[in-house]
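Peer 1: build me a structure from this.
(one chain, ligands or ions: 1)
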Amino acid sequence: MSSYVSDLMASVKAKNPAEPEFHQAVQEVADSLSIVLEKHPEYRRAKILERIIEPERLLMFRVPWVDDRGDIHVNRGFRIQMNSAIGPYKGGLRFHPSVNLGILKFLAFEQVFKNSLTTLPMGGGKGGSDFDPKGKSDNEVMRFCQAFMGELFRHVGADTDVPAGDIGVGGREIGYLFGMYRKLRNEFTGVLTGKGLTWGGSLIRPEATGYGAVYFASEMLATRSQKLEGKTCLVSGSGNVAQYTVEKINQLGGKAITLSDSNGFIHDPDGISAEKLAFVMDLKNNRRGRIAEYADKYKSATYTATDAAATSNALWSLKAHCAFPSATQNEINGRDAENLVKNGVYVVAEGANMPTTLEGVNVFLEAKILYGPGKAANAGGVATSGLEMSQNSMRLSWSREEVDTRLHDIMRRIHKSCVEASTAYGTPGNYVNGANIAGFLKVAQAMMAQGIV
Ligand code: NDP
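Peer 2: You can find the predicted model right below:
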């Protein structure tokens, strides 16, 4: 580690104590950028990275709401407005009991680089709450969303900050949040993305993150003159990203054999066909059940419950060619990464944000597999949110084909930028450096031009 990076990390840890995920995200980027900052002392003098690390604005607020029995609950709401040098803040809202400031800061920080990579004019932000939508009635979720927007509406807007979904925030939650914003502001604008098709949403937005991750994997495979067709794929999670990852794998002739949730994972060696995926979508999006039910329904599958005491996850020990982690941060540790490589996985495209620990990342880099970090591989979601913003501004709707073609094209361009940046800075094939460097340079140039603000 260079002395610049170790000094920077010491300061980040001192200033942001008890935020291990944020430290991890900054460390990875700082390691990649040390070569860039040596070549560009002007960026170091202007303290560009130090400024990117510090959120432009950080909002934390009380969200009181009443459940169906009349009991009162108090949750905590957040919005991190990280960097707006290249466009309005943009990034999802996460509703999950694990949400805290450090997790949202890591997500907002990564979002700055990811949004820059998309080629669209979007700054970085992230937000959410420690509210747990699991087990809540639709009315409870609605009241919570209304209470959350009752404060957030002051701070967001189509030209200021445009939130979207993330873990625990899907079409239902975006609907309730949008309804409340529209009422409070008395305006119908593109303040949120992931909206329904009859009220300003974009075709392909629900599919975009999963589809994009598979497009990115295909681009990486093409560098070795290979295709996804015939490849066996491990997918974790069973939410929005995982579902559409499986759909696109199927469309391209691959075979997805796993899905998971926080309770465990299913392994279906026959593959998760379109019909089985339709069952999962109904189970997760309508009935809001657990993935274990898949193995009750399909006898070809086995279910393995999560073992909280285990030091590795059995899902990542199955034989396969490709892995698409699509659940949550740090779901692949160093040992899992070793198991993946040992069992034949040589393509990893991260649908989730920071699903691999720093130890795991090093295992992938040393093994020289095709490793697409989340910043690049899952950027299709926010890119299509950017396309939803464009359609809202023009008051037009593009066809499914048009949005999908643009998404595919953006994923190709992101892949190309990663390859070019990693090669230009002497680490060809290292998509981690490629994504961090390409994402950083655009933001850095914008910050240099706009002065010390
Ligand atoms: P969903 O809420 O739709 O699904 C999340 C899935 O991950 C569920 O299966 C959930 O299981 C599982 N999961 C969540 N937290 C944990 C945990 N702590 N341990 C084990 N499993 C967990 O979210 P998304 O599919 O939207 O998001 C998945 C990942 O993709 C996240 O990392 C998100 O940041 C990232 N992402 C999402 C984008 C989007 O457009 N939605 C864009 C870019 C990245 P359970 O139901 O048991 O909680």
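Peer 1: Val241 and Asn115, how far apart?
Peer 2: 17 Å (Cβ to Cβ, to the nearest Å). Every C-beta, even on glycine, is put in place using the N, C-alpha and C of the backbone.
Peer 1: can you check Lys15 too?
Peer 2: Between Lys15 and Asn115 the computed distance is 24 Å (Cβ to Cβ).
Peer 1: now do the contacts for the closest residue to Asn330 other than its chain neighbours.
Peer 2: Spatially, and ignoring its direct neighbours in sequence, Asn330 is nearest to Thr357 (5.3 Å; Cβ to Cβ, 6 or more residues apart in numbering). The neighbours of Thr357, taking Cβ atoms under 8 Å, 6 or more residues apart in numbering as the test, are 24, 330, 332-334.
Peer 1: between Lys15 and Asn115, which has more neighbouring residues?
Peer 2: Set Lys15 next to Asn115 and count neighbours by other Cβ atoms under 10 Å: Asn115 wins out with 32 against 10.
Peer 1: using the three-state scheme, assign the more buried one.
Peer 2: helix (DSSP: H, G, I helix; E, B strand; the rest coil).
Peer 1: my read: it touches Gly92, true?
Peer 2: No. Applying Cβ atoms under 8 Å as the test, Asn115 and Gly92 come out as separate, 11.5 Å apart.
Peer 1: most residues in a single helix of this structure, which one?
Peer 2: helix 400-424 (DSSP state H).
Peer 1: any idea which residue of the stretch 151-300 of the chain lies closest to the ligand?
Peer 2: Residue nearest to the ligand within the stretch 151-300 of the chain (Cβ to the nearest ligand atom): Gly239, separated by 1.9 Å.
Peer 1: number of residues surrounding that residue?
Peer 2: 23.
Peer 1: gap between the residue lying closest to Arg288 once chain neighbours are set aside and the ligand?
Peer 2: Spatial nearest neighbour of Arg288, excluding adjacent residues (Cβ to Cβ, 6+ apart): Lys134 at 7.5 Å. Here Lys134 is placed at a distance of 7 Å from the ligand (Cβ to the nearest ligand atom, to the nearest Å).
Peer 1: secondary structure element for Lys134?
Peer 2: Assigned by DSSP states H and E, Lys134 belongs to no helix or strand.
Peer 1: which one among the contacts of Thr357 gets closest to Ala292?
Peer 2: Minimum distance to Ala292 across these is 21.9 Å, recorded for Ile332 (Cβ to Cβ).
Peer 1: what sits up against the helix or strand harbouring Glu173?
Peer 2: According to DSSP H and E, Glu173 maps onto helix 171-185. The contact list for helix 171-185 (Cβ under 8 Å, 6+ apart) reads 93, 95, 133, 138, 141-142, 145-146, 148-150, 152-153, 156, 163-165, 188, 191-196, 199, 206.
Peer 1: okay, and which of the residues you listed map to strands?
Peer 2: Among the contacts of helix 171-185, the members falling in strands (DSSP state E) are 93, 95, 163-164.
Peer 1: hmm, stretch 404-413 touching the ligand?
Peer 2: No. Applying Cβ under 6 Å from any ligand atom, one finds stretch 404-413 out of contact with the ligand, separated by at least 11.9 Å.
Peer 1: next, the buried residues of that stretch.
Peer 2: By neighbour count with 16 or more other Cβ atoms under 10 Å, stretch 404-413 contains the buried residues 404, 406-408, 410-411.
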